[in-house]
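Chemist: Kindly return the folded structure for what I paste below:
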Amino acid sequence: MAERRTLVTACIASLACVSVMWPAMAQDDDNLVQNFDFEDGNGPWSVWVEDGGAGVDHKDDNGEAFSGKNSYMIDIFNAGGGQRVELHQDPFLLEAGQQMTFALWLKSDKVRPAKMIVNHRADPWTSYGSADIMIMDGDWEEHWIPVDVTANDDIVGIYLELKDTKGVVWVDRVRFYEGEYFPEEGYGEPQAVDAHAKLALSWGSIKTDR
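Modeler: Numbers count the residues shown, from 1 in each chain. Model (predicted):
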């Protein structure tokens, strides 16, 4: 397993940020995500591929993990037309006024853009939190975004959005909880991030294999 990296990617207001079938109410700092560390296989997670021509393999992976024995692997082995590949978990039952945090650990075989999103999982797809991120290659990094729930909602979803360019992404220790971001004890402390340098790479500027 690669050396763990304790870099936290935080959100900055003026810049882009540098992903069950049983509803649950948020309480204190409890993590609402079921099978958050993929130690119980791949349920209740789902993957949606927009372009039917893209080749995507996705499953729990016991050969790579940030903690425990497993992570979740999304292997885009055949590029599509630049469309979306999304890892989802929903629904969550939340109330207007709740302040949430969505956090997860990510690793990739190459630098690639992604997006973290929390929204209402039906039309009009109201967004409660969304941020562009960069998944770095080689080391695990934690990424997180704040979430502002503006309506009572019983079908909130969390997800990680990728583009269908070739490459492998691993996901581990996904958290969705009420309150501000805090590092898990024993899993890294926040450090300063050069947000401008991180964001110099954009969705349009990444060179990808097609």
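Chemist: Quick check: residue 97 is in a strand.
Modeler: No. Counting by DSSP: H, G, I helix; E, B strand; the rest coil, residue 97 is not found in a strand; it is coil.
Chemist: and it, how far is that from residue 42?
Modeler: Residue 97 is 33 Å from residue 42, where distance means CB to CB, to the nearest Å. Heads up, the C-betas are built off the backbone N, CA and C, glycines and all.
Chemist: more crowded one of those two?
Modeler: residue 42 (17 against 10; other CB atoms under 10 Å).
Chemist: so who does the more buried one touch?
Modeler: Contact partners of residue 42, counting by CB atoms under 8 Å, 6 or more residues apart in numbering, are 35, 58, 59, 60, 72.
Chemist: The same query, at a cut-off of 7 Å, please.
Modeler: By CB atoms under 7 Å, 6 or more residues apart in numbering, the residues touching residue 42 are 59, 60, 72.
Chemist: How about residue 100?
Modeler: By CB under 7 Å, 6+ apart, the neighbours of residue 100 are 26, 147, 149, 176, 177, 178.
Chemist: any chance of the residues you listed in CSV, with neighbour count too?
Modeler: Output for those, formatted as CSV (neighbours: other CB atoms under 10 Å):
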residue, neighbour count
26, 21
147, 24
149, 22
176, 25
177, 20
178, 20
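Chemist: For my notes, please list those in a markdown table and give secondary structure, distance to residue 86 and pLDDT for each entry.
Modeler: Shown next, in a markdown table, are the contacts of residue 100 (DSSP: H, G, I helix; E, B strand; the rest coil; distance: CB to CB, whole Å; pLDDT from 0 to 100):
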| residue | secondary structure | distance to residue 86 | pLDDT |
| --- | --- | --- | --- |
| 26 | coil | 22 | 43 |
| 147 | strand | 17 | 98 |
| 149 | coil | 21 | 98 |
| 176 | strand | 16 | 98 |
| 177 | strand | 21 | 98 |
| 178 | strand | 24 | 97 |
